[in-house]
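> give me a 3D structure for the following:
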Amino acid sequence: MFDDATHDYRWLLDRGYPEHGSLALVGDRYRLSREERFRLYRAVSAEEIGRRRAARVISPTAIGIEDTVGVDGHNVVLTVANYLRGIPVFITDDGVIRDVGGVHGRLHDPHLMERAIDLVAAAIREFPGARGMVCFDEPLSHSRQHAHRMREQLPPKWSVRLDRSADAALAAIEPTVVATSDSVVIDQVDGAVFDLARWVLDREFDARFV
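A predicted model of the protein is given here:
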């Protein structure tokens, strides 16, 4: 049933129908749950758009010493944290992983968030010679603590900043590599895309995704 819903939803998107209207139509037809609808919305895009985004996704070995990496801090950290609390994580048409954390409410466990930050920071330290910046969304709860914890663990060539909008900050920085799974950021920032959250989960847990 979900495969049929995926096919129909993508078919509508390929023909220019609006996302929310298409999601409601397909969701109602197949009687999808709220989580299934959220997964469909997060995972499926028009074929050409998904192909274009996926073509920009690179592996960590492709990040060189001349690259400047911009990390969408909360996007990456929350993906890792949601995986740690057992939230479904899946591979999307865009070639990156996303989760359905929005269906399960906010993450209220500070220790889980700290562990996710530590895992992401450890992965960033594996980029030999690369320099970059981690941008956190200031309006989110405890963002200052998150930024401080990340800043304490990164090498000198890396900086951490708080912005009203990490999306806008990353677009202004214009990094050669952007680490995010947010489709808005991927579309706004030119250059390569690195799925840092997926790399963290692969290297730490040998994770497998739907």
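> any idea where the helices of this structure begin and end?
Shown for the chain, the helices assigned by DSSP state H span residues 2-14, 19-30, 34-43, 47-54, 73-84, 110-124, 143-153, 166-173, 183-188, 196-205.
> and those helices, which is most packed in?
helix 73-84 (a mean of 25; mean count of other Cβ atoms under 10 Å). C-beta: built from backbone N, CA, C; applies to glycine.
> neighbouring contacts of it?
Outside helix 73-84, the residues that touch it by Cβ atoms under 8 Å, 6 or more residues apart in numbering are 89, 97-99, 101, 104, 107, 112-113, 115-117, 119-120, 134-137, 140, 143, 146-147, 150, 160, 166, 179-182, 185, 196-197, 200-201, 205, 207.
> looking at it now, give me its mean pLDDT.
Helix 73-84 carries an average pLDDT of 96.
> again, but for stretch 16-28
Stretch 16-28 carries an average pLDDT of 97.
> repeat for stretch 198-210
On average, stretch 198-210 scores 93.
> spatially central residue in the chain, please.
The centroid of the chain falls nearest to Ser181 when counting by Cα atoms, centre = their mean (2.6 Å).
> grab the nearest non-local neighbour of that one.
Val96 (4.0 Å; Cβ to Cβ, 6 or more residues apart in numbering).
> neighbours around that neighbour, how many?
The tally of other residues near Val96 (other Cβ atoms under 10 Å) stands at 22.
> isn't it up against Leu196?
No. With contacts defined as Cβ atoms under 8 Å, Val96 does not count as touching Leu196, sitting 9.6 Å away.
> kind regards, and thank you for your time.
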